[in-house]
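**Q** I would like to see how this sequence folds:
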Amino acid sequence: MDLQFENIGCVKDNMKSPIHNWYRFTAGFSYKFVDYLLSDLPKESVVYEPFAGCGTTLVSSQKNGFHSVGNEGQEFMYDICRAKLNWTVDRNKIDNHISLIKQAISDEYETYNLSDENPLLIELYDRNNLAILCIIRNYILSLKDESYKLFFKLALSNVLHRTAIHPIAVPYISRTRKLMNNGQPFEKFVSTCNKMVDDIKSQSTDYVSSQVFLHDSREKNALIETDSCSICITSPPYLNNLDYGEVSKVPTHFWGITNTWNDITSKVRINLVTGATTHYKETDFDINKYIKTPFATNNEKLIPQLLDMFDKIKINAQNRSGKKSFHILMMHYFSDMYNVLLEMRRVLKSDSKSYLILGDSAPYGVYIPTTQLLGEIAVSAGFNEYAIYKIRTRGTKWKSLSNRHNIELSENILELN
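**A** Next up is the predicted model:
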């Protein structure tokens, strides 16, 4: 593979690209990588994306005239994807809705009651700004036309990041910093809508060729036919304890998808590959039952290696203040990814290729060759072979921290045939 550009494993490129930059999220990869892979494919190829996220693969596919299908387990991110793929909205209708929203703010602002809003929102936003955001939200939720509801929902979600007192577009809320320009929510909403319309009009077509499903890729999606896709381009959750449910809690609380920690577990985490220690109860894990699961029995050669790392992580955790059960997280992660790879193999044609952007990890100082292990697991799931291409070295910026390991990690592309 000829990797002639940088930033494959981050969203830096996407921040300068129309439609890709409509919503800022902590995880992602470069649209240029998708464009690179699509450049040599025939136009009748269908692209598969099991972790749609912010829609990088799906949006790039649509921009390049390819059909694509994808799954996204989070309701909020699913709506973000659908909005990014909807290029049929009309500017005059957008302007008319904005006028009605302005009137709603004028009518309701002075008497709007915040007592029913989530306490986290009241903590993170100036009360006047929050009232305006909520009035806009309530108008959007009242819309019957799904196209415009999704469009405005994404625009306002973008504004949530730019009007909070503290930055919320980081892995977790950064209360040690304050945003300097966190006012004018309506004005920012209008400018965001205008930019989105301009971005849509800059595209060569308004044809919608990509589709995303609200679906957990660990399970069969009956709406995607067997042997129907020509290539898979994705970046699965990394084995690094990033809780995607927690990361998105401000917008999911705002839109009423979640309201409590328990909601995040029962409505969000349950639909995602296990990527954080908050995804499970340690008391529910039984290693003896685990080694009898379909994943373990179909990967017998890997189980001794996994068990060795399991024991080492568990021992090292005893000397750490957090004592998090990374050893259990690791076992759940590989079992979950096995099911994802089975579904990936099902939907892909026999002569297709898959490309997964992955990072290795070292919980409590125990190195886990995630990319290599997933390559081996992919073979057990029906793929013929795999290759690994290193993108960059990662984890070095934490070397100065005394409680961190000093193991050099890598970010890679896993190619499956």
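**Q** roughly how far is the longest strand along the chain from the heart of the chain?
**A** Identified as the longest strand of the chain according to DSSP state E is strand 348-359. Centroid separation for strand 348-359 versus its chain: 18 Å, with CA atoms, centre = their mean, to the nearest Å.
**Q** packing partners of it?
**A** Judged by 3 or more CB pairs under 8 Å, 6 or more residues apart in numbering; DSSP states H and E, the packing partners of strand 348-359 are helix 31-38, strand 229-234, helix 370-380, strand 409-416. No exception for glycine: its C-beta is placed from N, CA and C like everyone else's.
**Q** which one of these is the most hemmed in?
**A** Stretch with highest mean neighbour count among those: strand 229-234 (a mean of 23; mean count of other CB atoms under 10 Å).
**Q** what sits up against the next helix or strand after that one?
**A** Note on strand 229-234: by DSSP states H and E, the next helix or strand toward the C-terminus is helix 244-247. Applying CB atoms under 8 Å, 6 or more residues apart in numbering, the contact partners of helix 244-247 are 26-27, 74, 171-172, 237, 252, 258, 264-265, 268-269, 272, 275-276, 278.
**Q** so who does the residue lying closest to Asn86 once chain neighbours are set aside touch?
**A** Residue nearest to Asn86 in three dimensions, not counting chain neighbours: Ser147, with 5.5 Å by CB to CB, 6 or more residues apart in numbering. Applying CB under 8 Å, 6+ apart, we find Ser147 in contact with Asn86, Thr88, Val89.
**Q** and the gap between Glu282 and Asp13?
**A** From Glu282 across to Asp13, the span is 39 Å (CB to CB, to the nearest Å).
**Q** how is the chain divided into domains?
**A** Domain segmentation of the chain under automatic domain parsing yields 13-85+208-416, 107-201.
**Q** pLDDT of the shortest one, averaged?
**A** Think domain 107-201. Domain 107-201 carries an average pLDDT of 96.
**Q** go on, stretch 32-42?
**A** Stretch 32-42 comes out at a mean pLDDT of 96.
**Q** make 39 the first number, not 1, from now on.
**A** Taking 39 as the first residue, the last one we looked at is stretch 70-80.
**Q** please, where are all the strands along the stretch 289-438 of the chain?
**A** Applying DSSP state E, counting those that start in this stretch to the stretch 289-438 of the chain gives strands spanning 386-397, 424-432.
**Q** in terms of neighbours, single out the busier of Glu320 and Asp51.
**A** Each of Glu320 and Asp51 has its neighbours counted (other CB atoms under 10 Å); Asp51 has more, 21 against 11.
**Q** is the more buried one in contact with Tyr69, as I believe?
**A** Yes. Using CB atoms under 8 Å, Asp51 is in contact with Tyr69, at 6.2 Å.
**Q** shared neighbours of these two, anything?
**A** His58.
**Q** how about the nearest residue to His317 once chain neighbours are set aside, what does it touch?
**A** Spatial nearest neighbour of His317, excluding adjacent residues (CB to CB, 6+ apart): Arg307 at 5.0 Å. With contacts defined as CB under 8 Å, 6+ apart, Arg307 is in contact with Asp281, Tyr282, Gly283, Ala314, Thr316, His317.
**Q** how close does the residue nearest to the spatial centre of the chain get to Val49?
**A** Central residue of the chain (CA atoms, centre = their mean): Gly91, 3.3 Å from the mean position. Gly91 sits 10 Å away from Val49 when distances are taken as CB to CB.
**Q** same check, this time on Asn357
**A** Asn357 is 35 Å from Val49, by CB to CB.
**Q** more neighbours, these two?
**A** Neighbours per residue, other CB under 10 Å: of Asn357 and Val49, the larger number sits with Val49, 21 against 9.
**Q** can you tell me the element that one falls in?
**A** Using DSSP H and E, no helix or strand contains Val49.
**Q** residues in contact with the closest residue to it other than its chain neighbours?
**A** Once flanking residues are discounted, Val49 sits nearest to Gly66: 3.9 Å by CB to CB, 6+ apart. Contacts for Gly66 (CB under 8 Å, 6+ apart) come out as Cys48, Val49, Asn52, Gly91, Cys92, Thr94, Ser273.
**Q** assign Gly66 to helix, strand or coil.
**A** Classification of Gly66 using DSSP: H, G, I helix; E, B strand; the rest coil returns coil.
**Q** most tightly surrounded among the strands of the stretch 289-438 of the chain?
**A** The highest average neighbour count among these, using mean count of other CB under 10 Å, belongs to strand 386-397 at a mean of 19.
**Q** just give me the closest of the contacts of helix 282-285 to Arg200.
**A** Of all the contacts of helix 282-285, Thr64 has the smallest distance to Arg200: 15.5 Å, by CB to CB.
**Q** ok, and the closest non-adjacent residue to that closest one?
**A** Thr64 sits nearest to Pro209 (CB to CB, 6+ apart), 5.2 Å away.
**Q** so how many other residues sit close to the one you found?
**A** 14.
**Q** the one 10 residues further on too?
**A** The local packing count at Asn219 equals 8, with neighbours defined by other CB under 10 Å.
**Q** what's the answer for Gln356, then?
**A** Around Gln356 there are 8 other residues, counting by other CB under 10 Å.
**Q** what about Ile406, distance to Arg432?
**A** Ile406 sits 13 Å away from Arg432, going by CB to CB.
**Q** swap that for Leu340, sorry
**A** 24 Å.
**Q** which parts of stretch 112-129 are buried?
**A** 112-125, 127 (16 or more other CB atoms under 10 Å).
**Q** picking that back up, I'd guessed the residue nearest to the centre of the chain sits against Gly111; true?
**A** No. Taking contacts as CB under 8 Å, Gly91 lies outside contact range of Gly111: 9.9 Å.
**Q** quick one: the helices in the stretch 189-338 of the chain?
**A** With helices called from DSSP state H, counting those that start in this stretch, the stretch 189-338 of the chain shows them at 223-239, 282-285, 287-292, 299-301, 325-328, 332-335.
**Q** and the ones you listed as CSV, adding distance to Gln410 and mean neighbour count?
**A** Listed next are the helices of the stretch 189-338 of the chain as CSV, based on distance: least, CB to CB, whole Å; neighbours: other CB atoms under 10 Å:
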stretch, distance to Gln410, mean neighbour count
helix 223-239, 39, 18
helix 282-285, 24, 22
helix 287-292, 33, 22
helix 299-301, 35, 13
helix 325-328, 21, 12
helix 332-335, 17, 16
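**Q** if you skip the residues just before and after it, what's nearest to Ser390?
**A** Nearest one to Ser390, counting by CB to CB, 6+ apart, is Ser268 at 5.2 Å.
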